[in-house]
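Asks: Just a sequence and a predicted model for now, questions to come.
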Amino acid sequence: MNPLPELRVVDHDDIAWHGAYCDYVSLVFRQADFRRWCEWRQWGEDYRAFCIVGYDGRVLANASVSRMRLRVEGREVVGYQLGAVGCLPQTRGQGLARRAMQAALGYCGSTPVFLFANDSVLDFYPRFGFAAAPQSLFEASLQAEPAGDGRGATLDLSDDDTRADFLRLAAAASAVSERFAACDYGRIATWYAANGYASPLIRLDHDTWVFAEVEDGVLTIEDVFATRPFDLSAALPHLIGQPIHTVRFGFTPERLWPQARAVGAEADADLFVRNLVLPAGPHRFPLLART
Ligand SMILES: CC(C)(COP(=O)(O)OP(=O)(O)OC[C@H]1O[C@@H](n2cnc3c(N)ncnc32)[C@H](O)[C@@H]1OP(=O)(O)O)[C@@H](O)C(=O)NCCC(=O)NCCS
């Protein structure tokens, strides 16, 4: 008889296990891949995978944990974000994801934990003490024309030096919101870039880099990494290549554009929290800080 699956904690320096982890992710999540992110050396000390491993060395189930410095209603809160929770299709229904979840949550203890789920697991996380928390969409009506001297330079995070500069900036940048956001999550944002899911990264100046793009007159500012206060109305013309009438935000814009309105719930966010009290008013955890 084959030995039973075992728990293995995989860290950034367990490089021999990163391949098995990447195989697991691509088998469970069709639209997620960790290979390029690993090649970019983005697996840092704050990311830890609680893997259930079969006798043949395959990762069968997993729950990963990112340690994060959160901002919640103006306070710094250390918390953990869960990600890549799943089980290979052929080994489901055997309690393996539960084992991975229990190991990850045992590590988190009484510290706040949260995660972004999907609609197939809305009844799964409440089994582990999580409660659903709504996220909002923010928008502002705003007419702007492109700057005469053009857009800021678009940066390519596949370049090693640019990535190193980005991580330095992200580590020093202020949180984009004080309601519910995070600091120093450059290695999460690079996952989106490595998978082609991030908006173009535009450098406004040495200390201000913005993920943003325009479609049909709507500018979506996905995220802002800035070490100094940043005047959005002055910068806007340098973010766009065509006239715009609306701006949408991938985060709560109470600092960047207080006039923005919450225009409804973010339908597919499915945020779940545990030991974490979020602001009563509308808020949106930054898109590029989600694992
Ligand atoms: C959801 C998933 C992780 C469950 O994995 P699994 O190994 O089959 O789960 P387990 O066998 O450990 O189940 C633990 C418990 O959760 C229940 N459960 C399993 N899947 C569930 C689901 N989708 N919704 C609600 N409950 C679920 C099980 O019935 C079991 O309940 P019990 O304690 O009463 O017996 C797996 O189906 C999966 O990988 N789905 C696709 C990836 C995904 O969407 N992951 C979530 C990302 S946020």
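Replies: Arrived safely, thanks for sending. Numbers count the residues shown, from 1 in each chain.
Asks: Contacts made by the lowest-mean-pLDDT helix or strand in the chain with the rest, please.
Replies: Using mean pLDDT, DSSP states H and E, the weakest-scoring helix or strand in the chain turns out to be helix 232-235, at a mean of 93. The contact list for helix 232-235 (C-beta atoms under 8 Å, 6 or more residues apart in numbering) reads 204, 208, 210, 221, 256-257. Every C-beta, even on glycine, is put in place using the N, C-alpha and C of the backbone.
Asks: Using JSON lines, lay out these together with pLDDT and neighbour count.
Replies: Putting these into JSON lines (pLDDT from 0 to 100; neighbours: other C-beta atoms under 10 Å) gives the following:
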{"residue": "Leu204", "pLDDT": "96", "neighbour count": "19"}
{"residue": "Thr208", "pLDDT": "97", "neighbour count": "21"}
{"residue": "Val210", "pLDDT": "98", "neighbour count": "22"}
{"residue": "Ile221", "pLDDT": "98", "neighbour count": "25"}
{"residue": "Leu256", "pLDDT": "95", "neighbour count": "23"}
{"residue": "Trp257", "pLDDT": "97", "neighbour count": "17"}
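Asks: Tell me the one of the residues you listed nearest the ligand?
Replies: Ile221 (25.7 Å; C-beta to the nearest ligand atom).
Asks: can you pull the contacts of the closest one?
Replies: 210-212, 232, 239, 247-250, 253, 256.
Asks: now it, what's its secondary structure?
Replies: Look at Ile221: counting by DSSP: H, G, I helix; E, B strand; the rest coil, its state is strand.
Asks: So what pairs up with it in the strands?
Replies: Under DSSP bridges, the beta-bridge partners of Ile221 are Ala212, Phe249.
Asks: picking up where we left off before, mind listing what's buried along the least confident helix or strand of the chain?
Replies: 232, 235 (16 or more other C-beta atoms under 10 Å).
Asks: would you put the C-alpha positions of it in CSV?
Replies: The C-alpha trace of helix 232-235 is given here as CSV (Å, rounded to 0.1, in the frame of the first residue of the first chain):
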residue,chain,number,x,y,z
LEU,A,232,-4.0,62.8,-9.6
SER,A,233,-5.6,65.7,-11.5
ALA,A,234,-2.1,67.0,-12.5
ALA,A,235,-0.9,63.5,-13.4
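Asks: And for Asp184, the neighbour number?
Replies: Asp184: 17 surrounding residues under other C-beta atoms under 10 Å.
Asks: wait, doesn't it sit right on Arg168?
Replies: No. Taking C-beta atoms under 8 Å as the definition, Asp184 is not a contact partner of Arg168, at 10.5 Å.
Asks: Dump the helix or strand where Ala262 lies to PDB, restricted to CA.
Replies: Per DSSP states H and E: Ala262 is located in strand 261-265. What follows is strand 261-265 as a C-alpha-only set of coordinates in PDB (Å, rounded to 0.1, in the frame of the first residue of the first chain):
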ATOM      1  CA  ARG A 261     -18.400  57.400  -5.600                       C
ATOM      2  CA  ALA A 262     -19.100  53.800  -4.700                       C
ATOM      3  CA  VAL A 263     -21.200  52.700  -7.600                       C
ATOM      4  CA  GLY A 264     -22.100  49.200  -6.500                       C
ATOM      5  CA  ALA A 265     -20.800  45.900  -5.300                       C
END
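Asks: what residues does the stretch 101-250 of the chain put near the ligand?
Replies: 117-118, 120-121, 123-124, 127 (C-beta under 6 Å from any ligand atom).
Asks: What is the most widely separated pair among these?
Replies: Asn118 and Arg127 (15.8 Å; C-beta to C-beta).
Asks: Contact partners for Gln259?
Replies: By C-beta under 8 Å, 6+ apart, Gln259 lies in contact with Ala140.
Asks: State the distance from it to the ligand.
Replies: Computed as C-beta to the nearest ligand atom, to the nearest Å, the Gln259 to the ligand distance reads 34 Å.
Asks: Now Ala262. Nearest residue, chain neighbours left out?
Replies: Spatial nearest neighbour of Ala262, excluding adjacent residues (C-beta to C-beta, 6 or more residues apart in numbering): Pro282 at 3.7 Å.
Asks: What's the per-residue pLDDT of that neighbour here?
Replies: Listed pLDDT for Pro282 reads 97.
Asks: hang on, the earlier thing: make CSV out of the contacts of helix 232-235 and add distance to Gly19 and secondary structure.
Replies: Formatted as CSV, the contacts of helix 232-235 follow (distance: C-beta to C-beta, whole Å; DSSP: H, G, I helix; E, B strand; the rest coil):
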residue, distance to Gly19, secondary structure
Leu204, 38, strand
Thr208, 37, strand
Val210, 34, strand
Ile221, 36, strand
Leu256, 40, coil
Trp257, 43, coil
